[in-house]
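> please find the sequence and the predicted model below.
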Amino acid sequence: QVQLVESGGGLVQAGGSLRLPCAASGRTVAIYMLGWFRQAPGKEREFVAAIRWSDGSTYYADSVKGRFTISRDNAKNTVYLQMNNLKPADTAVYYCAARLSWTRDYDRRHEYHYWGQGTQVTVSS
């Protein structure tokens, strides 16, 4: 079992920044990849970014490239999503997710085994 706890959400003005930590606990040695997804009201949950735990390789949705950065601190078992130049369209509940084995489909939510409870990010115009 892997437990994931997100934090850092809040209300920010357009153009502002937020950093979302996701702390992993439990069987963390088994984690292959950690991803961030988001879900806006009335919309499907969508991929934002992912990082391969072993070597730090990163992957991003086109909508956030150049604005968001995913990183990890292996010693703290924590992954971070740094979000800059936020837009109202970024408003959503942000979820951290973990996958325990290799996949090429890192951007598909059904590929992930464990999920956090989510943290709300609201960007005002």
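Structure's in. What do you need?

> at the geometric centre of the chain, which residue sits there?
For the chain, the residue nearest the mean C-alpha position is residue 36 (2.0 Å; Cα atoms, centre = their mean).

> now name the helix or strand holding it.
Assigned by DSSP states H and E, residue 36 belongs to strand 33-39.

> and that strand, what's buried?
Residues 33-38 are the ones in strand 33-39 that count as buried (16 or more other Cβ atoms under 10 Å). (Glycine included, C-beta is placed from N, CA and C.)

> direction included, what does it pair up with?
Strand 33-39 pairs in its sheet with strand 46-52 (antiparallel), strand 92-99 (antiparallel), by DSSP bridges.

> quick one: contacts of that strand?
The contact list for strand 33-39 (Cβ atoms under 8 Å, 6 or more residues apart in numbering) reads 20, 22, 24, 45-53, 70, 72, 79, 81, 90, 92-99, 103, 106-107, 109, 112, 118, 121.

> mind listing the strands for this protein?
2-6, 10-13, 18-26, 33-39, 46-52, 58-60, 68-73, 78-83, 92-99, 114-115, 119-124 (DSSP state E).

> only C-alpha atoms, please: export the fourth one in CSV.
Provided in CSV are the C-alpha atoms of strand 33-39 (Å, rounded to 0.1, in the frame of the first residue of the first chain):
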residue,chain,number,x,y,z
MET,A,33,6.1,6.9,-11.3
LEU,A,34,4.3,9.8,-9.6
GLY,A,35,1.9,11.9,-11.5
TRP,A,36,-0.3,15.0,-11.0
PHE,A,37,-3.8,15.1,-12.5
ARG,A,38,-6.5,17.7,-12.1
GLN,A,39,-10.2,17.8,-12.4
